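# predicted model, plus sequence, below.
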Number of protein chains: 2
Amino acid sequence: MQIDERKQKILWAVVEDYIATAEPVGSRTIARKYKLGISSATIRNEMADLEEMGLLEQPHTSAGRIPSHLGYRYYVDFLMHPLGIGEEEKRLIQQRYRAKVKGVGEIIKRTGQILSELTSYAALVAAPHATPPAVKYVQLVPFTGDQAMVLVVMDQGTVHHRLIELPDQINEADLAKISQVLNAKLGGVSPADIKLTLLHEIYGELIRYRRLVNAVMEALRSIGPDFEQFYLGGVFKMLNQPEFRNLERVKTLLSLLEQEDFLSDLVAGQTDSSVQVRIGREVHHAGIDGCSVVTAGYTIGGRLAGVLGVLGPMRMDYARVVGVLTYLTDYLSRVLEEMLYGGTKTG
Amino acid sequence: MQIDERKQKILWAVVEDYIATAEPVGSRTIARKYKLGISSATIRNEMADLEEMGLLEQPHTSAGRIPSHLGYRYYVDFLMHPLGIGEEEKRLIQQRYRAKVKGVGEIIKRTGQILSELTSYAALVAAPHATPPAVKYVQLVPFTGDQAMVLVVMDQGTVHHRLIELPDQINEADLAKISQVLNAKLGGVSPADIKLTLLHEIYGELIRYRRLVNAVMEALRSIGPDFEQFYLGGVFKMLNQPEFRNLERVKTLLSLLEQEDFLSDLVAGQTDSSVQVRIGREVHHAGIDGCSVVTAGYTIGGRLAGVLGVLGPMRMDYARVVGVLTYLTDYLSRVLEEMLYGGTKTG
DNA sequence: TTTAGCACTCTAAGGTCGAGAGTGCTAATC
DNA sequence: GATTAGCACTCTCGACCTTAGAGTGCTAAA
């Protein structure tokens, strides 16, 4: 059996209607609302076929049909038309970004809020990700008797700090000198790319401080590629969805969302700026059955810098979410580029 | 009518039993479980009195009694014995803190997790708070053509960064020089304490860079006393409490907890290291009726550094929570002090 | 091949009912 | 006078039943 055009139309109608109403869709409803020029009886037959093919399912006999995991997949891959963003909304987004900002962290946060408001689902922003940013500036700051703080500024505007132990007999001048050398050698290099030759150069110049340099290097490695800074918001919006009437589900979901490992996993698959849709069980994770995740990357200077994600029920408005993500990643990339590289100020 | 000892015992029993079971407590239950040497009929009479005095209330006729807002208050103020922490638990706590740590932020986070695990309610950690920390180190880092990053390390170990606009014709050497002067002048000073005389000194030395210094000062002010860094966790644990069966409540609570302003308010009243209990409506905030908040301050060098807080239903195990907070603020203060000032390493 | 008609199925909502828990009052008891 | 046993009364909660409504699959006609 193959999916001819009429079957496609019916599948499309079922998915759209179910997304909109959260009620199983019956043949009569489709005949009435979607004017396909065929009677409810015919639709019934087609729906039976679609169910046999695994694209639809029935919660119980004598209820309407709902899309199965596969049904959503087919819809997303072949039937859906991503929804553009309205002009009015675009204006509002621009306005939100215009307000003065203290640093990259705040832009991340604001983006998350906008994303969650536009979609009514939970929003996730990860930054920076995958492509490790390069070191812009390193400084060792004396902290307490035997500790120093390693300050690292990345070229994407994030700041990291680590405390390290100091060997005895190190004074401030030493630290300043070390900082200077590290800056000269590490500027523009990504922590993951620190090669042996470079390491030798550094050791060569700082032969006296071997142990300390080791400690600093270890600190640098710990902010390596798997480091991520997350914003998560709008979780409460999901509770408006009828699939979260079940308290137990809400609980497991909330507990998952408090684990950074889990959030990490959600964005891990993203390697470029494309939009990725993972439906239901495709999000390989026990405890979020029936949820879908849509992610998209944003870039700085053409390289992947971070990920925007939307987490919602499997019955998610994919067309809208994909549309919003496409627009927002693009817009965010431009905002960040202007902020980090652009000299010209725009209103 | 006054609250004699027998009434106190009965009130105590009602509160303890209700906290433990979440069921309205009847006179028979008290007679059976709490061996007060009086019959259920007598207890009934006393309970009627306590109700009249506003300390107990009845969900409906022919149900048992539950403590009123005032009842909890009386219990917390006069009847409760804070519960100490078991030896086994103490050992577990120590173990959790022993693991290697990257910075103050991580200690905060870990503390929040421990707190939420020990109490089974939502945990809130704010740092640093109220007493503004002093500047330890300032540095201007050139960032893009017309922007620089102001890096500020505080003596409590937190790091802040802000982007500022650069006037034309400033080069790296200028920035280094400015950083040097700022460091010399601002070290040990709290941003809120920057007085005019100090400002004049700085302007005196950096007369050429007036505009830039202004920008830096503004950035410093923006990390002033009302800045706070929050950790919030264990929210999902609250869903085990029967008072959160109501989805609508969970939703409003979650949406509140996503607002930093709200979290700020929760810890705002804390001015020293004492334990504060706010019950129900005493937490002046629409939308969290029926919730209580217990907070306590932790200190560094005897000065208030931050706040630990527990958010739970009004039917909260106050004795346990107060006990845990007392222990944990004390322990955390010691950990932080050792980390920031202490030279000696322990265990 | 499509459609009208119909018997059948299943859920969800509303209603009834009885068990159980708890109260307040009264009268007896200490 | 304080305490307690006894009892009628009240209220909730869960179990059970019933029914309306929506939807299906099948059959026979178009």
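That came through fine. Because the structure is predicted, anything quoted here is derived from the model rather than measured.
# average pLDDT for the helix or strand containing A:Thr42?
If you go by DSSP states H and E, A:Thr42 is part of helix A:40-52. Averaged across helix A:40-52, the pLDDT comes to 96.
# who touches that helix?
By CB atoms under 8 Å, 6 or more residues apart in numbering or on different chains, the residues outside helix A:40-52 that reach it are A:1, A:6-7, A:10-11, A:14, A:27-28, A:30-31, A:36, A:56-58, A:65, A:71. Every residue, glycine included, has its C-beta placed from N, CA and C.
# what's the following helix or strand after it?
Next along the chain after helix A:40-52, taking DSSP H and E as the criterion, comes strand A:56-57.
# hang on, the earlier thing: hmm, the helix holding A:Thr42 in reach of DNA strand D?
Yes. Applying CB under 7 Å from any atom of the strand, one finds helix A:40-52 touching DNA strand D at A:40-41, A:44, A:47-48, A:51.
# make a PyMOL selection of the buried ones in the contacts of helix A:40-52.
Per 16 or more other CB atoms under 10 Å in any protein chain shown, the buried members of the contacts of helix A:40-52 correspond to this PyMOL selection:
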select buried, chain A and resi 7+10+11+14+27+30+31+36+56+65+71
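# I'd like the distance from the helix or strand where A:Lys177 lies to the chain centre, please.
Assessed by DSSP H and E, A:Lys177 sits inside helix A:172-186. The chain centroid and the centroid of helix A:172-186 are separated by 36 Å under CA atoms, centre = their mean, to the nearest Å.
# that one and chain B, any residue contact?
No. Against chain B, helix A:172-186 shows no contacts by CB under 8 Å from any CB of the partner chain, the least distance being 9.9 Å.
# just to revisit the earlier point, of the contacts of helix A:40-52, just say which sits nearest to DNA strand D.
Set against DNA strand D, the nearest of those by CB to the nearest atom of the strand is A:Ser27 (3.7 Å).
# how close does that closest one sit to chain B?
The gap separating A:Ser27 from chain B is 32 Å, by CB to the nearest CB, to the nearest Å.
# and what of A:Leu253?
As judged by CB to the nearest CB, A:Leu253 and chain B stand 8 Å apart.
# now do that residue against A:Met238, distance only.
Going from A:Leu253 to A:Met238 by CB to CB, to the nearest Å gives 8 Å.
# shared neighbours, those two?
In contact with both A:Leu253 and A:Met238: A:Phe244, using CB under 8 Å, 6+ apart.
# chain center to stretch A:229-241: distance?
Distance of stretch A:229-241 from the chain centroid (CA atoms, centre = their mean) equals 13 Å.
# tell me the buried residues in that stretch?
Residues A:229-239 are the ones in stretch A:229-241 that count as buried (16+ other CB under 10 Å).
# now check that stretch, is it near chain B?
Yes. Against chain B, stretch A:229-241 shows contacts by CB under 8 Å from any CB at A:233-236, A:239-240.
# restricted to helices, list those.
Judged by DSSP state H, the residues of stretch A:229-241 next to chain B include A:235-236 as members of helices.
# in TSV, list the residues of stretch A:229-241 next to chain B along with pLDDT and distance to DNA strand D.
Output for the residues of stretch A:229-241 next to chain B, formatted as TSV (pLDDT from 0 to 100; distance: CB to the nearest atom of the strand, whole Å):
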residue	pLDDT	distance to DNA strand D
A:Gly233	96	35
A:Gly234	97	31
A:Val235	97	29
A:Phe236	96	26
A:Leu239	93	23
A:Asn240	93	22
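# which of the residues of stretch A:229-241 next to chain B lies at the shortest distance from DNA strand C?
A:Asn240 (17.1 Å).
# got the contact list for that closest one?
Neighbour list for A:Asn240: A:120, B:251 [criterion: CB under 8 Å, 6+ apart].
# now do the same contact list for the closest residue to DNA strand D within chain A.
When scored by CB to the nearest atom of the strand, chain A has A:Gly26 as its residue closest to DNA strand D, at 2.9 Å. By CB under 8 Å, 6+ apart, A:Gly26 lies in contact with A:64-65.
# pLDDT wise, what is it at?
For A:Gly26, the model assigns a pLDDT of 96.
# please report how far it lies from A:Asp17.
Per CB to CB, A:Gly26 is found 10 Å from A:Asp17.
# also A:Arg210?
69 Å.
# higher neighbour count, those two?
It is A:Asp17, of A:Arg210 and A:Asp17, that has more neighbours when counted by other CB atoms under 10 Å in any protein chain shown, with 22 against 10.
# hmm, back to that, for the contacts of helix A:40-52, work out which two are farthest apart.
Greatest spatial distance among the contacts of helix A:40-52 (CB to CB): A:Met1 and A:Arg28, at 23.8 Å.
# so what's A:Gly269 closest to, chain neighbours aside?
Take A:Gly269 and drop its neighbours on the chain: the residue closest to it by CB to CB, 6 or more residues apart in numbering or on different chains is A:Gln276, 6.3 Å away.
# quick check: the one you found touching A:Val294?
Yes. Between A:Gln276 and A:Val294 a contact is recorded at 7.0 Å, counting by CB atoms under 8 Å.
# with neighbour numbers in mind, choose between those two.
With neighbours defined as other CB under 10 Å, A:Gln276 and A:Val294 compare such that A:Val294 has more, 23 against 19.
# could you confirm that one falls within a helix?
No. Going by DSSP: H, G, I helix; E, B strand; the rest coil, the assignment for A:Val294 is strand, not a helix.
# quick one: contacts for it?
Listed by CB under 8 Å, 6+ apart, the contact set of A:Val294 reads A:275-278, A:309-310, A:312, A:316, A:318, A:321-322, A:325.
# now do A:Leu263
The contact partners of A:Leu263, by CB under 8 Å, 6+ apart, come to A:124, A:126, A:228, A:230, A:232, A:257.
# if you set the cut-off to 7 Å instead, what comes out?
A:Leu263 sits next to A:124, A:230, A:232 when contact means CB atoms under 7 Å, 6 or more residues apart in numbering or on different chains.
# all set now, cheers.
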